[in-house]
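K.L.:
one predicted model, sequence on top.
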Amino acid sequence: QVQLVESGGGLVQAGGSLRLSCAASGIIFRVNNMGWYRQAPGKQRELVASITPDSSTNYADSVKGRFSISRDNTKNTVNLQMNSLKPDDTAVYYCNVRGDRITIASPPAGYWGKGTLVTVSS
């Protein structure tokens, strides 16, 4: 049974930082693509960042230069370091795993965590 558990969300002031983590189980972690999505109230879920098994990364334009995705194949975790946070970054952030490479054009697929709420105050 695939399980993804996110952690690290919370309330932060604009300009601050947070680090999200996602612990995966029930999969062969090292061969899968991992992604972080977010969904703000009233908006569609959107890709924030993704990372391939060999740690190639992909970012949404809105977070380039501010967010960094990484993975630890020994601990089956994927992390999202978020710096210079803005109120527009407020959303529920979801961890995603799938076999195919995850790009902006990819439809939502694979397995999902339950999400962690990030709130950025102005």
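P.N.:
Structure received.

K.L.:
how much space between the residue nearest the centre of the chain and residue 122?
P.N.:
Residue closest to the average C-alpha location in the chain (Cα atoms, centre = their mean): residue 36, at 2.0 Å. Distance, residue 36 to residue 122, using Cβ to Cβ, to the nearest Å: 23 Å. C-beta: built from backbone N, CA, C; applies to glycine.

K.L.:
what of residue 22?
P.N.:
27 Å.

K.L.:
which one of the two has more residues nearby?
P.N.:
Set residue 22 next to residue 122 and count neighbours by other Cβ atoms under 10 Å: residue 22 wins out with 25 against 9.

K.L.:
doesn't residue 112 make contact with the more buried one?
P.N.:
No: at 10.2 Å, residue 22 does not count as touching residue 112 under the criterion of Cβ atoms under 8 Å.

K.L.:
okay, and the common contacts of those two?
P.N.:
Listed contacts common to residue 22 and residue 112 are 4, 95; contacts here mean Cβ atoms under 8 Å, 6 or more residues apart in numbering.

K.L.:
CA atoms of stretch 53-72 as CSV?
P.N.:
What follows is stretch 53-72 as a C-alpha-only set of coordinates in CSV (Å, rounded to 0.1, in the frame of the first residue of the first chain):
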residue,chain,number,x,y,z
PRO,A,53,15.0,9.4,-9.9
ASP,A,54,18.4,10.8,-10.9
SER,A,55,17.5,14.1,-9.3
SER,A,56,16.8,16.2,-12.3
THR,A,57,14.5,19.0,-11.2
ASN,A,58,11.7,21.0,-12.7
TYR,A,59,10.0,24.1,-11.3
ALA,A,60,7.0,26.3,-11.9
ASP,A,61,8.0,29.7,-13.1
SER,A,62,6.3,31.3,-10.1
VAL,A,63,8.7,29.6,-7.7
LYS,A,64,12.0,29.4,-9.6
GLY,A,65,14.9,30.9,-7.6
ARG,A,66,12.9,30.6,-4.4
PHE,A,67,12.0,26.9,-3.9
SER,A,68,14.3,23.9,-4.1
ILE,A,69,13.2,20.3,-4.3
SER,A,70,15.5,17.4,-3.2
ARG,A,71,15.3,13.8,-2.4
ASP,A,72,17.0,11.3,-0.1
